[in-house]
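> Following is a predicted model, sequence given first.
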Amino acid sequence: MSPHAEFPVQGRSLKSQLTSVPACQRSVKKAIVERLLSAHHVEQLPETGPRYSVEVSLLDDVAS
């Protein structure tokens, strides 16, 4: 993804001990942000570019 990409994170959880979907979404978003900042050597990600949908699913305590 470019450093300008917009990437909302959607999530769902089924039969998982991690029941707070918003907390899982935040963790995934944070991990992506940290990786993009490092990869592009920038300090900000304005999210003004193309949109990439990110989805995290938790099933039986396994994320995909």
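Nice, I can see it.
> the helices in the protein, which residues?
Taking DSSP state H as the criterion, the chain carries its helices at 21-40.
> so how many other residues sit close to residue 8?
Residue 8 has 12 neighbours, counted by other CB atoms under 10 Å. The way it works is simple: take the backbone N, C-alpha and C, and place the C-beta from them, glycine included.
> mind checking how far it is from residue 27?
15 Å (CB to CB, to the nearest Å).
> what does residue 2 give?
Taking CB to CB as the measure, residue 2 falls 22 Å from residue 27.
> So for the residue nearest the centre of the chain, what's the nearest residue that isn't a sequence neighbour?
For the chain, the residue nearest the mean C-alpha position is residue 29 (3.0 Å; CA atoms, centre = their mean). Leaving aside its sequence neighbours, residue 29 sits nearest to residue 9 (CB to CB, 6 or more residues apart in numbering; 4.7 Å).
> helices and strands of this protein: which one bottoms out on pLDDT?
Across the helices and strands of the chain, mean confidence by mean pLDDT, DSSP states H and E is lowest for strand 62-63: a mean of 90.
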